[in-house]
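Novice: Sequence first, then the predicted structure:
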Amino acid sequence: MKAAVWYEAKDIRVEEAQEPVVRPGTVKIRVEWCGICGSDLHEYAAGPITIPVGNPHPLTGVKAPVIMGHEFAGQVIEVGEGVERIKVGDRVCVEPIINCGTCSSCRKGLYNICENLGLHGMSGDGGGFSEMTVVKEHMVHKIPDNMSYEQGALVEPVAVALHAVRQSKVKAGDTCVVFGLGPIGLAILQCLKAAGTTRIVAVDISEERRQKALSLGATHAVNPIEQEVAGFVRELTGSGADVCFEVAGVEPTLASAVDSVKVDGQVIIVSLWERNPAINLNALVFKEIDIKGTICYRDIFPAVIDMIASGTLESEKLITSKIKIDDITEKGFEALLKNKNEIKILVNPKA
């Protein structure tokens, strides 16, 4: 079968891989669509960041090269011994978290901050950028017939967004700022709208992405190169934003988020970082700002599936291109690096 395999930064190869074998408690899925995630892009551009290199991942026993892809949906074609909830023919998406189940976080139910956290499609043991992949039954979520496989592939990134909003102090009527309008930032914007926020300021240097944000419910859009964001937000609100979401992963946006939030406000950091940023700690102290990081999601996929299926979240509007797996480097990763018109690119592993 074809698969896209990460060897090192700027070296992802589409090659023939061995078809995975179903084990007890696992499910084999024929992948229909798999999205390129921002974390995938970080690994391509500057990795390894989380991909195991040198030492195998403690839970999968695998190290690079690894098959990539963790935002995917498809159809179940085989189930292993002991599988009861999922059957052949089911249309599904996959929650790709790999956790140990025994560390203190896992014992508290916080499996997304497992001490040995991994992701299917990044930590070894297969991935969605392949014609078929095998995952544990508990990772698999059925999707309704009125949901397309393309929408199913977007459940994972939207889950990241909804988790970030749920972990925040956002209340109906609040003013929020979203820094970075990639797929996660735009999905956060939709989740904030659903949560009843009154004003949503969308911040990005890309005109196309700002216009997309306005079409998805942002009330204001700011180019941080042309306009000082914190001043705009203070003029808009009189005091600053209730909550700022940092989704760009670059130092200037973090500084701007801290400056834009009100006294006793909150900054939620959703992005992954290629290098450690400097931060003005006095700004945190004097304003008593709460800064919180969020990673992945937990116990949230069913809610996301319902919100997409009902039309509450229009995830399909994030899709800008659909490509063949043979084109994943030039029309996928390189296109995302070079062209800010691109937001979410879906890959067909069978093409």
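Specialist: That came through, no problem. Numbers count the residues shown, from 1 in each chain.
Novice: Okay, domains of the protein per the record?
Specialist: 2-142+314-348, 159-293 (automatic domain parsing).
Novice: Just checking the distance from the longest one to the centre of its chain.
Specialist: When you say that, I think you mean domain 2-142+314-348. 12 Å (CA atoms, centre = their mean, to the nearest Å).
Novice: Stretch 196-204 now?
Specialist: Using CA atoms, centre = their mean, the offset of stretch 196-204 from its chain centre is 19 Å.
Novice: who touches it?
Specialist: With contacts defined as CB atoms under 8 Å, 6 or more residues apart in numbering, stretch 196-204 is touched by 170-181, 185, 189, 192-193, 209-210, 213-214, 217-224, 229, 232-233, 236-237, 241, 248, 253, 256. The C-beta positions use only the backbone N, C-alpha and C, and glycine is treated the same way.
Novice: how about that stretch: buried residues?
Specialist: Buried positions in stretch 196-204, judged by neighbour count with 16 or more other CB atoms under 10 Å: 197, 199-204.
Novice: how long is it end to end?
Specialist: 22 Å (CA to CA, to the nearest Å).
Novice: what about the helices in the stretch 101-250 of the chain?
Specialist: Along the stretch 101-250 of the chain, the segments classed as helices by DSSP state H, counting those that start in this stretch run 104-107, 149-153, 155-167, 183-194, 207-215, 229-237.
Novice: among the ones you listed, which is nearest Trp33?
Specialist: Proximity to Trp33 (CB to CB) singles out helix 149-153 among those, at 4.3 Å.
Novice: Please write out the alpha-carbon positions of the closest one in CSV.
Specialist: Extracted C-alpha coordinates of helix 149-153, given in CSV (Å, rounded to 0.1, in the frame of the first residue of the first chain):
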residue,chain,number,x,y,z
TYR,A,149,-15.6,11.7,5.0
GLU,A,150,-14.1,15.1,4.4
GLN,A,151,-16.0,16.5,7.4
GLY,A,152,-15.0,13.4,9.3
ALA,A,153,-11.3,14.1,8.7
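Novice: where does the stretch 251-351 of the chain dip in pLDDT?
Specialist: For the stretch 251-351 of the chain, the stretches with pLDDT under 70 are 351.
Novice: Let's see that with 90 instead.
Specialist: 272-276, 278-281, 283-284, 340-341, 350-351 (pLDDT under 90).
Novice: Now do stretch 21-29, average pLDDT.
Specialist: Mean pLDDT, computed over stretch 21-29, is 98.
Novice: what's the answer for stretch 217-232, then?
Specialist: For stretch 217-232, mean pLDDT rounds to 97.
Novice: Can you dump the C-alpha atoms of it in CSV for me?
Specialist: What follows is stretch 217-232, C-alpha atoms only, in CSV (Å, rounded to 0.1, in the frame of the first residue of the first chain):
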residue,chain,number,x,y,z
GLY,A,217,-18.3,34.9,12.3
ALA,A,218,-15.5,37.2,13.3
THR,A,219,-16.8,40.7,14.0
HIS,A,220,-13.4,42.4,13.4
ALA,A,221,-10.2,41.5,11.5
VAL,A,222,-6.8,43.1,12.0
ASN,A,223,-3.5,43.0,10.1
PRO,A,224,-0.9,43.2,12.9
ILE,A,225,1.7,44.6,10.4
GLU,A,226,-0.6,47.6,9.6
GLN,A,227,-2.3,48.1,12.9
GLU,A,228,-1.3,47.7,16.6
VAL,A,229,-3.6,45.0,17.9
ALA,A,230,-3.6,45.9,21.6
GLY,A,231,-4.5,49.5,20.9
PHE,A,232,-7.3,48.4,18.6
